[in-house]
Each structure stands twice: as C-alpha cells, then as structure tokens.
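Colleague: Predicted model and sequence below, questions to follow.
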Amino acid sequence: MSLRYLTAGESHGRALVGIIEGIPAGLALDAAYLHRQAKRRKLGFGRGNRQNIETDAIEILAGVRFGRTLGSPIALMIENRDWRAWSEIMAVEPLSAEAEANMRRVVTVPRPGHADRIGGIKYAHGDMRNVLERASARETAARVALGSVARRFLEELGIRVASRVVQIGEIVDRSSFDAIPFEENELERIDASPVRALDETAAAQMVAAIERAKAAGDTLGGIVEVVARGLPVGLGSYAHWDRRLEAEIARAFMALNAIKGVELGLGFGLAATPGSSAHDAFYPGDGAAKTVYRTNRAGGIDGGMTSGQPIVVRAAMKPLATLMKPLDSVDLGTGEAKSAHVERSDVCAVPAAAVIGESLLALVLAAAVLEKFGGDTLDEIAERVRGWDATVRAR
C-alpha cells in the first residue's frame, strides 16, 4: 500500500481542501483530534492578525464512518472565514468588463523573495494575486490536517512526533545543537513557550527579538527541530537512491514555504568533525537487544534506513518576504521603481513551522511504514510491525 495526498485552495478562497489515500481501515479518527493539531499551527509569538480570524476547524467529508477510517480516500475541508471579505475579489465566476476595470487589490509589484514575479512570468499572470494566493503559507493548514491523519496512524504503532524551536534570528537555544533530542517529559514546557523553545531564557530573548523586528517593520527566520521516536528499524532502503529515507524527509521539508536548509542529526556540523567523532559506535546490548547505541549523531538514519534511534531533523527558515517597510521593487505594469507589495503577514512564523514540520515528518514516516509493512487494516499492519520488532531485537 502507498500513501498519496493532495491539497487545493487559495489563501483567501472559500476553503482549503485535502485528500489523503492509503490510510488503512479501522483507525479511530475524528474532527476534534484533527482540530487540536490544527490549532497548534496557529500559535506562536509573532503571528499576524489572520490567526485571530480563522478557526481552522476541520470537516471530514469522506473516508470515515462512525469514527473509524474505511480504507478509502479521506477528504478534509477547512473553511477560510476571511473569504467573506474577499468573496468578490476571489470570485470563481467570470468578471464583467466594468467589474474587471474596478477590480481592487490587483498586484503588479512583486515582493523580493516571494513567488510573485517568477510565478507571474511562468503562468502569464498580469495580476500576481493569482500567484500569491496559492503560494501563501495558508496552504500549510491543509498539509497539517492531512499530516495529522498520518500522525494518528503512527500513534497506533507507538511512533510519536514532536518539535521545538532552536533559533530565531540571532538568538540560539545553546542547549540544542547536539545530536541528542529533547526528552518527552520536556514537551509540556515546549508547548507552553510563546516561541516553542525549551530554554526559558532563550525564549524570552526570542520574544524580545521578534518585538524589535515588528517595531522596525522587519521579519525574522530561524531553525526548528522535529523529532520522531519509536520507529521500527529498517524503514527506507539503501538499494536505490530514491528510496533513501532522508531524501524523502529533506524533500518534504524543502517543500515547506521559506525553508532553505535541512539537516539530520549533526548535519552540517559533521563537515568539521573527524570520523572518529562523527559516527555512532555499536555496543553490546543488555539482553533485550544484541546491539545498542550511546550516541545519535546520524539523527536516526544510516544508509538511508532508520536505525531505531530517534529521527532528528532541523530545518532553517528564512525571514518572511512580506515586510511592513518593504524592499525596493518594480511595477511590472509600468516599469517604474516602486516599493514592494505589502500583504498581511506574520513577523515570525518559526514556531508555526515547527508544528507544520511535525505533520510533514508524519506524512513521510507513515508512507515508509506502509511501504515496508503493507496491509489493508490497522490491526494487520500493527501485527506485522510487532513481529518485525521482535525479529530485530534478536539480531
């Protein structure tokens, strides 16, 4: 069985929709669970006013009956409440000549660092709103919804996914840059933090940095860490380049808006580390397992396959491209120098990116589990995973 998913919708369109196929039958799933995850995406210091408008309530349209998945495609919908103020601008029906002449919020001045200009060239859009509405990070609400379905599936197999922020702007949580992920008992502190940072001093400094950026009309990026625990050994493969699991993980994270770098474990730090200190040595087990690790510098993946250690992914997010004090640009309609277009936006979306990253990793791992173990029902897959784990412990 394979996992496929698709999203559709514009930032100020009527709704976002998503379809995920491949989730087995028999998984307990309800809209309340999905909404709890969706609300986490909305949080984080530095978010804009849009988060006060949208509820991100998720409606399950298909694929679930009486609280359990059917094995058929699952369809989800998230209403865009802000669409009510944009219904004429984002109308589906053709415009009259008069309405087209009076159209508001036409975008002809692109924002440096955004999809506006190149997307307008590629798809021949004179009004770059046709680009920015889909290129907007609002689409990630649908990916979080679909990723939450995958998360729910993984939970039944004992696989857990969590995240934190390790850097915003120049402020770094100094306890974070090693290959040992945060402990599960620290999750409550992370979730309570305004920026999802573990160290309280660093979190306060991050909040202050975001406040300074907002006052200056600027934006800030940062680095997030996403961790998965409880994984079976051997997801992914070394046999073909396109089946290496870290490649799928990197692809999923690089497809997230504003992400410009991804690393696993020590990642880029390994470039300056000698081989004697770069790898995870093997040691005799305590009886339950023949072999154990004492380090996790590889971030849970060796040779394209899961080692059974926690997967540790870090992703670097650039500052958002919409600035309240905009950069220089050009009006593509007239050729005149102009300040870049200003669209309502966040000052810092790094905490949101951490939560979104959980869903992205969940989607990749759910696909890898289904590829290795197959099966049409949750019970069938769970039994195969348990059998495999018992086999691995004996090796």
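Modeller: Happy to help now that I have it. All of these numbers come straight from a predicted model, not from anything done at the bench.
Colleague: what's the neighbour count on Pro112?
Modeller: Using other Cβ atoms under 10 Å, Pro112 has 13 other residues around it. C-beta here means a position set from N, CA and C on the backbone, and glycine is covered the same way.
Colleague: Look at it and give its secondary structure.
Modeller: coil (DSSP: H, G, I helix; E, B strand; the rest coil).
Colleague: can you pull the contacts of it?
Modeller: The neighbourhood of Pro112, defined by Cβ atoms under 8 Å, 6 or more residues apart in numbering, consists of 321, 327-329, 340.
Colleague: okay if I get those as JSON lines plus secondary structure and pLDDT?
Modeller: As requested, the contacts of Pro112 are exported to JSON lines (DSSP: H, G, I helix; E, B strand; the rest coil; pLDDT from 0 to 100):
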{"residue": "Ala321", "secondary structure": "coil", "pLDDT": "92"}
{"residue": "Leu327", "secondary structure": "coil", "pLDDT": "88"}
{"residue": "Asp328", "secondary structure": "strand", "pLDDT": "94"}
{"residue": "Ser329", "secondary structure": "strand", "pLDDT": "95"}
{"residue": "Ala340", "secondary structure": "coil", "pLDDT": "92"}
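Colleague: Would you check which pair of those residues lies furthest apart?
Modeller: Farthest-apart pair in the contacts of Pro112 is Ala321 and Asp328; separation 13.3 Å (Cβ to Cβ).
Colleague: more neighbours, these two?
Modeller: Higher neighbour count among Ala321 and Asp328: Ala321, with 23 against 9, using other Cβ under 10 Å.
Colleague: How far does stretch 248-263 stretch from one end to the other?
Modeller: End-to-end distance of stretch 248-263: 12 Å, with Cα to Cα, to the nearest Å as the criterion.
Colleague: Next: stretch 49-61.
Modeller: 28 Å.
Colleague: Pull out the buried positions in that stretch.
Modeller: 50-51, 54, 56, 58, 60 (16 or more other Cβ atoms under 10 Å).
Colleague: same check, this time on stretch 35-54
Modeller: 35, 37-38, 40-48, 50-51, 54.
Colleague: Closest to Ala252 out of those?
Modeller: Arg41 (15.9 Å).
Colleague: name the helices or strands packed onto the helix or strand encompassing the closest one?
Modeller: Element membership for Arg41, per DSSP states H and E: helix 31-42. The contact analysis (3 or more Cβ pairs under 8 Å, 6 or more residues apart in numbering; DSSP states H and E) places helix 31-42 against strand 58-62, helix 140-155, helix 350-373.
Colleague: go again using 10 Å as the cut-off
Modeller: helix 50-53, strand 58-62, strand 74-79, helix 140-155, helix 350-373 (3 or more Cβ pairs under 10 Å, 6 or more residues apart in numbering; DSSP states H and E).
Colleague: What mean pLDDT does it get?
Modeller: The predicted model assigns helix 31-42 a mean pLDDT of 95.
Colleague: same question, stretch 385-395
Modeller: Mean predicted confidence for stretch 385-395 is 87.
Colleague: swap in stretch 268-279?
Modeller: Per-residue scores along stretch 268-279 average to 94.
Colleague: could I have it exported to CSV, CA atoms only?
Modeller: Extracted in CSV, the C-alpha atoms of stretch 268-279 (Å, rounded to 0.1, in the frame of the first residue of the first chain):
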residue,chain,number,x,y,z
PHE,A,268,26.3,20.3,8.6
GLY,A,269,28.4,20.1,11.8
LEU,A,270,29.7,16.7,10.6
ALA,A,271,31.7,18.5,7.9
ALA,A,272,34.0,19.8,10.6
THR,A,273,34.1,16.6,12.7
PRO,A,274,36.7,13.9,12.3
GLY,A,275,35.5,10.4,11.5
SER,A,276,36.5,9.2,15.0
SER,A,277,33.9,11.5,16.5
ALA,A,278,31.3,11.6,13.7
HIS,A,279,29.7,8.1,13.8
